[in-house]
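S.K.: build the 3D model from these lines:
(chains A and B)
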Amino acid sequence: GAVVSQHPSRVICKSGTSVKIECRSLDFQATTMFWYRQFPKQSLMLMATSNEGSKATYEQGVEKDKFLINHASLTLSTLTVTSAHPEDSSFYICSARTQTPVVNYGYTFGSGTRLTVV
Amino acid sequence: GENVEQHPSTLSVQEGDSAVIKCTYSDSASNYFPWYKQELGKRPQLIIDIRSNVGEKKDQRIAVTLNKTAKHFSLHITETQPEDSAVYFCAASEEGNQFYFGTGTSLTVIP
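M.R.: Next comes the predicted model:
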């Protein structure tokens, strides 16, 4: 089945630095990637939707200059948390949509990245 | 945008009993409703989904019902087992688009 590889799984960074999270679709082409964040014991909140080759669409309240999303190829999307602060500490997870609906669309989640900003 | 509400937030059942989790959604354009099981620190795992052209779907001990008119859908787990203990999320989307997740239900199955 479709697999999305997400790296790193855990990262600890200092306040003020930037962190890049990668999601790669291993055996399919992901024209669309959704990025979510999840605070402890809370739900997954959609941050942005990225389409290959175009600018990401951000949800209301999500700072596009802080959470940079790049989807330069059909198999790779990245989320960069810039100038990270402790309140950015969270579980970030991507979800890729398969390119064409054979029968129906498919969605595959990455394994998530636990970001801790100290 | 879509707003998904989920109840209850916590649920404890005895092993062998049934568990029911309910969700409501607001956007009539939503036509795809997946349910995910998430264990601590792990990715959500799809357990069952339903599309708006059907009212019920069953897969072994798990079933989902959908009432489009009332905009609500429910997850039913029968003969619960301790390994069913996890956090369950419902979601709603217009097929092909982003998911909007419910707030989650922490299910505990007591042996």
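
S.K.: next one: A:Ala84 from chain B, what distance?
M.R.: 20 Å (CB to the nearest CB, to the nearest Å). C-betas here are computed from N, CA, C, even on glycine.

S.K.: ok, and the closest non-adjacent residue to that residue?
M.R.: Take A:Ala84 and drop its neighbours on the chain: the residue closest to it by CB to CB, 6 or more residues apart in numbering or on different chains is A:Val117, 4.5 Å away.

S.K.: tell me the contacts of the one you found?
M.R.: A:Ile12, A:Cys13, A:Lys14, A:Ser15, A:Ala84, A:His85, A:Pro86, A:Glu87, A:Asp88, A:Ser89 (CB atoms under 8 Å, 6 or more residues apart in numbering or on different chains).

S.K.: one more: A:His85?
M.R.: Counted by CB under 8 Å, 6+ apart, A:His85 has contacts A:Ser15, A:Gly16, A:Val117.

S.K.: swap in B:Ser26?
M.R.: For B:Ser26, the contact set (CB under 8 Å, 6+ apart) comprises B:Glu2, B:Asn3, B:Val4, B:Lys71.

S.K.: over to B:Thr108?
M.R.: B:Thr10, B:Leu11, B:Ser12, B:Val13, B:Ser85.

S.K.: mind checking how far A:Thr108 is from chain B?
M.R.: Note on A:Thr108: its distance to chain B, by CB to the nearest CB, is 9 Å.

S.K.: could you give me the average pLDDT of the helix or strand that residue falls within?
M.R.: Using DSSP states H and E, A:Thr108 maps to strand A:107-109. For strand A:107-109, mean pLDDT is 89.

S.K.: what strands flank that strand, and is each parallel or antiparallel?
M.R.: In its sheet, strand A:107-109 lies beside strand A:90-98 (antiparallel), with partners assigned from DSSP bridges.

S.K.: need the residues that contact the strand it pairs with.
M.R.: By CB under 8 Å, 6+ apart, the residues outside strand A:90-98 that reach it are A:2, A:4, A:6, A:21, A:23, A:25, A:28-40, A:44, A:77, A:79, A:81, A:105-115, B:41, B:43-44, B:96, B:99.

S.K.: can you flag the buried ones in those?
M.R.: Neighbour counting by 16 or more other CB atoms under 10 Å in any protein chain shown classes A:4, A:6, A:21, A:23, A:25, A:28, A:30-38, A:44, A:77, A:79, A:81, A:105-115, B:43-44, B:99 among these as buried.

S.K.: list the contacts of residue 81.
M.R.: With no chain named, the answer covers chain A. Here A:Val81 is in contact with A:Ser18, A:Val19, A:Ile21, A:Lys66, A:Phe67, A:Asp88, A:Tyr92, A:Leu115 (CB under 8 Å, 6+ apart).

S.K.: wait, I meant chain B there
M.R.: Counting by CB under 8 Å, 6+ apart, B:Gln81 touches B:Glu15, B:Val109.

S.K.: residues touching stretch B:44-51, excluding its own?
M.R.: A:44, A:93, A:104, A:107, A:109, B:31-38, B:56-57, B:59, B:62-66, B:73, B:75, B:88-89, B:95.

S.K.: ok, 7 Å please
M.R.: Outside of stretch B:44-51, the residues within contact range by CB atoms under 7 Å, 6 or more residues apart in numbering or on different chains are A:109, B:31-38, B:57, B:59, B:62, B:64, B:66, B:73, B:89.

S.K.: out of these, list just those in strands.
M.R.: A:109, B:32-38, B:57, B:59, B:62, B:64, B:66, B:73, B:89 (DSSP state E).
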